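Participant: Provided below for reference: sequence and predicted model.
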Amino acid sequence: MKRKLFAFVVGAVMIFPCFCFAANEEIQVYMDDLSQPGHFGIDIHNNVVISGDKNAPYPGGLAPRHQYRLTPEFYYGLTKTLELGGYLLGTRSADGQTHFEGEKVRLKYIAPHDADHGFFWGANLEVGRTNLYASPQPWNAELKGIAGYRTGNWTFAINPNFDWSLSSGGGPVTLNVDGKVAYKVTEKTQIGLEAYNELGPLRNLQALNQNSKTLYLALEHDFGAFDLNAGIGRGLTTDADKWVLKFIVGTHF
């Protein structure tokens, strides 16, 4: 098992950085998956901005264009409804410089439900400390709602995300709403659409043509030893990166 984990991590790290092309550290709609109690898992989040802004979003930040982001995520099943996880954030900018941006921890809850049919819900609380490359505020938090429904071969899910800074003078609470619709082509393969929508400050939501909004065509496949979520995203607003490619490779043990 140790050899399997080592080979998985090294392979993912060696293969994906060669793209050297950033978006958020994880581009995924949270679902009802949890590690079994007493078991570990790891996801390797990768994304590259193929076409985006050449300018940094704030002084000290990194320009998105041709930036590659690598985020290993480790998680552990505490109970049948609770999972503890953590992220290590890293990027490689267009000039080839690598940066470690910080770390985050999360606690995910999923209510008991039928895993194959019907409604599911839960929540994920995340707290992290990052440097200036990732955010102008070092301490930040996010509360993510998780809701979805399965019927036949179709799956629908939505994540309302409330983000705020834990640092002094960090600004207002903001709202993002992410969602997905997926169709099961085979027992191991799904295709679908994922939407990621920034709506601005919670007390003053902005027009739909403002902030970043991106639509992804996504593929999910279970290879047995590991699973894959891959997608190509198209920015729908001027604030969004124009084209983004993402890969998430995961395994459990």
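Facilitator: Thanks, I have the structure now.
Participant: pull out the buried residues from stretch 235-253.
Facilitator: Buried residues in stretch 235-253, counted by 16 or more other C-beta atoms under 10 Å: 235-236, 240-252. All C-beta atoms are positioned from the backbone trio N, CA, C, and that covers glycine.
Participant: likewise for stretch 39-49?
Facilitator: Residues of stretch 39-49 classed as buried: G41, I42, D43, I44, H45, N46, N47, V48, V49 (neighbour count, 16+ other C-beta under 10 Å).
Participant: with only the CA atoms kept, save it in PDB.
Facilitator: Output of stretch 39-49 as PDB, limited to C-alpha atoms (Å, rounded to 0.1, in the frame of the first residue of the first chain):
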ATOM      1  CA  HIS A  39      -9.500   4.900   6.000                       C
ATOM      2  CA  PHE A  40      -7.500   7.500   4.100                       C
ATOM      3  CA  GLY A  41      -7.700   9.000   0.600                       C
ATOM      4  CA  ILE A  42      -5.800  11.400  -1.500                       C
ATOM      5  CA  ASP A  43      -6.900  13.600  -4.500                       C
ATOM      6  CA  ILE A  44      -4.400  15.500  -6.700                       C
ATOM      7  CA  HIS A  45      -6.000  18.600  -8.000                       C
ATOM      8  CA  ASN A  46      -4.500  20.100 -11.100                       C
ATOM      9  CA  ASN A  47      -5.600  23.000 -13.300                       C
ATOM     10  CA  VAL A  48      -4.000  25.200 -15.900                       C
ATOM     11  CA  VAL A  49      -5.200  28.500 -17.300                       C
END
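Participant: shift numbering so it begins at 5
Facilitator: With 5 as the first residue, the last one maps to stretch 43-53.
Participant: pLDDT of that stretch, averaged?
Facilitator: Confidence for stretch 43-53, expressed as mean pLDDT, is 97.
Participant: cool, and stretch 71-89?
Facilitator: If you average the pLDDT values across stretch 71-89, you get 97.
Participant: number of residues surrounding G126?
Facilitator: Using other C-beta atoms under 10 Å, G126 has 21 neighbouring residues.
Participant: again with Q71
Facilitator: Using other C-beta under 10 Å, Q71 has 22 neighbouring residues.
Participant: my guess is it contacts R96, does it?
Facilitator: Yes. Under the criterion of C-beta atoms under 8 Å, Q71 makes contact with R96 at 7.1 Å.
Participant: and the residue nearest to P176 when sequence neighbours are not counted, bridged to which residues?
Facilitator: Leaving aside its chain neighbours, P176 sits nearest to P205 (4.2 Å; criterion: C-beta to C-beta, 6 or more residues apart in numbering). When bridges are called by DSSP bridges, P205 pairs up with T178.
Participant: how about residues contacting the helix or strand hosting L88?
Facilitator: Taking DSSP states H and E as the definition, one finds L88 inside strand 86-96. When contacts are defined by C-beta atoms under 8 Å, 6 or more residues apart in numbering, strand 86-96 is touched by residues 21, 24, 26, 29-30, 38-39, 49, 66, 71-82, 102-114, 132, 134, 137-138.
Participant: among these, name the ones in strands.
Facilitator: 49, 72-81, 102-114, 132, 134 (DSSP state E).
Participant: what lines up beside the strand holding L88 in the sheet?
Facilitator: Strand pairing (DSSP bridges) places strand 86-96 next to strand 72-81 (antiparallel), strand 102-114 (antiparallel).
Participant: what pairs with the closest residue to G132 other than its chain neighbours across the strands?
Facilitator: Nearest residue to G132, sequence neighbours excluded (C-beta to C-beta, 6+ apart): K108, at 3.0 Å. K108 forms beta bridges with Y91, G132, as assigned by DSSP bridges.
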